[in-house]
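Student: Turn this into a model:
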Amino acid sequence: MSGHNKWSTIKRKKGALDAKRGKIFTKIAREIMVAAKEGGGDPDGNPRLRAALTAAKAANMPKDNQERAIRKGTGELEGVSFEEVLYEARGPQNSSFILEVLTDNKNRTVAEIRHIFSKRGGEMVANGSVSWQFDHKGVIELEKSEIGENALMEKALEAGAEDIQDWGESWAVLTDPTELQEVSDGLEGLEVSGERRFLPKPESTLTLEGDEAISVAKLWATIDEHDDVQNVYCNVELPDDIMDEHGP
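Tutor: Predicted coordinates:
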């Protein structure tokens, strides 16, 4: 489903121009800093940091940049303090958005994001207005070459996972967000990347095509490009060709 993979945009933009690459590095560095501040600088015991470093590797982010961001997060180096904020919004075609934001100036950020939605036929809404359309889950993705479905199902359920899903190129192990670390540890011997995400509920997911799909994809891309927006979740399923041309 479109929007499942937090770092799918990074993978698609690996060959982008330096300016776009710099934006991607900035977002990843912020995530690394906050993850290290929250759970320490050792990725083996910090699933959020491990996921961020996996994204950094996929984006060809220099190792020095990664290590510097970790040291800023743990306080070994001086750095800007970022606040985590969750925003909800409605877009065109009755689409719903959840935005995960890291900002050092909340007033500036909310004004800029509100302007983007207003300009493209949407609006920011109070928290709780659209979040009921999503499930907050711990998500662990594994390459299909790592393990077969039946073996993974047995191993994951034994570790306390809720469900296993086929996401095309990868398996997704779904957990309660509070049990992400425990389930990740239970998948010992596998190359896993775990993080907390908002997944649109099947009954709340919209499927759009044509101009309606393009209007949502363009808004999605504009929001995703904002420096302070770390992740965008949307309850709309869009055709791959439209996402490739107009989306994030």
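
Student: CA only for contacts and neighbour counts going forward, please
Tutor: OK.

Student: Name the residues that touch the longest helix that the chain contains?
Tutor: For the chain, the helix reaching the highest residue count under DSSP state H is reported as helix 18-39. Residues outside helix 18-39 that contact it (Cα atoms under 8 Å, 6 or more residues apart in numbering): 10, 13-14, 42, 45-46, 48-49, 52-53, 55-56, 59, 61, 65-66, 69-75, 82, 102, 225, 227-230.

Student: same question for that helix, mean pLDDT?
Tutor: The pLDDT scores in helix 18-39 average 83.

Student: Flag every buried residue along that helix.
Tutor: Of the residues in helix 18-39, 21, 24-37, 39 count as buried by neighbour count, 16 or more other Cα atoms under 10 Å.

Student: And for stretch 120-138?
Tutor: By neighbour count on 16+ other Cα under 10 Å, the buried set for stretch 120-138 is 122-124, 130-131, 133-134, 136-138.

Student: Nearest to Ala151 among those?
Tutor: Distance to Ala151, by Cα to Cα, is smallest for Gly138 among the buried residues of stretch 120-138, at 20.0 Å.

Student: Could you grab the helix/strand/coil label for that closest one?
Tutor: strand (DSSP: H, G, I helix; E, B strand; the rest coil).

Student: tell me the contacts of it?
Tutor: With Cα under 8 Å, 6+ apart, Gly138 has these contacts: 174-180, 194-197.

Student: Now tabulate these in TSV and tack on pLDDT.
Tutor: Putting the contacts of Gly138 into TSV (pLDDT from 0 to 100) gives the following:
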residue	pLDDT
Leu174	94
Thr175	93
Asp176	93
Pro177	88
Thr178	86
Glu179	88
Leu180	86
Gly194	75
Glu195	81
Arg196	86
Arg197	91
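
Student: Among these, which lie within strands?
Tutor: Among those, the members found in strands (DSSP state E) are 174-175, 194-197.

Student: Which helix or which strand is home to Asn65?
Tutor: Assigned by DSSP states H and E, Asn65 belongs to helix 63-74.

Student: hang on, I meant Met124
Tutor: strand 123-125.

Student: for the ones in strands among the contacts of Gly138, which one is nearest Ile98?
Tutor: Arg197 (10.2 Å).

Student: Please report how far the closest one lies from Ile147.
Tutor: Going from Arg197 to Ile147 by Cα to Cα, to the nearest Å gives 23 Å.

Student: which of these two has more neighbours?
Tutor: In this view Arg197 and Ile147 are compared by other Cα atoms under 10 Å, and Arg197 has more residues nearby, 21 against 14.

Student: Can you point out the buried residues in the helix or strand where Arg108 lies?
Tutor: Secondary structure assignment for Arg108, by DSSP H and E: helix 106-119. Buried residues in helix 106-119, counted by 16+ other Cα under 10 Å: 106, 109-110, 113, 116-117.

Student: got JSON lines for the residues you listed, with distance to Leu157 and pLDDT too?
Tutor: What follows is the buried residues of helix 106-119, written out as JSON lines (distance: Cα to Cα, whole Å; pLDDT from 0 to 100):
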{"residue": "Lys106", "distance to Leu157": "40", "pLDDT": "93"}
{"residue": "Thr109", "distance to Leu157": "41", "pLDDT": "95"}
{"residue": "Val110", "distance to Leu157": "40", "pLDDT": "96"}
{"residue": "Ile113", "distance to Leu157": "40", "pLDDT": "96"}
{"residue": "Ile116", "distance to Leu157": "42", "pLDDT": "96"}
{"residue": "Phe117", "distance to Leu157": "41", "pLDDT": "96"}
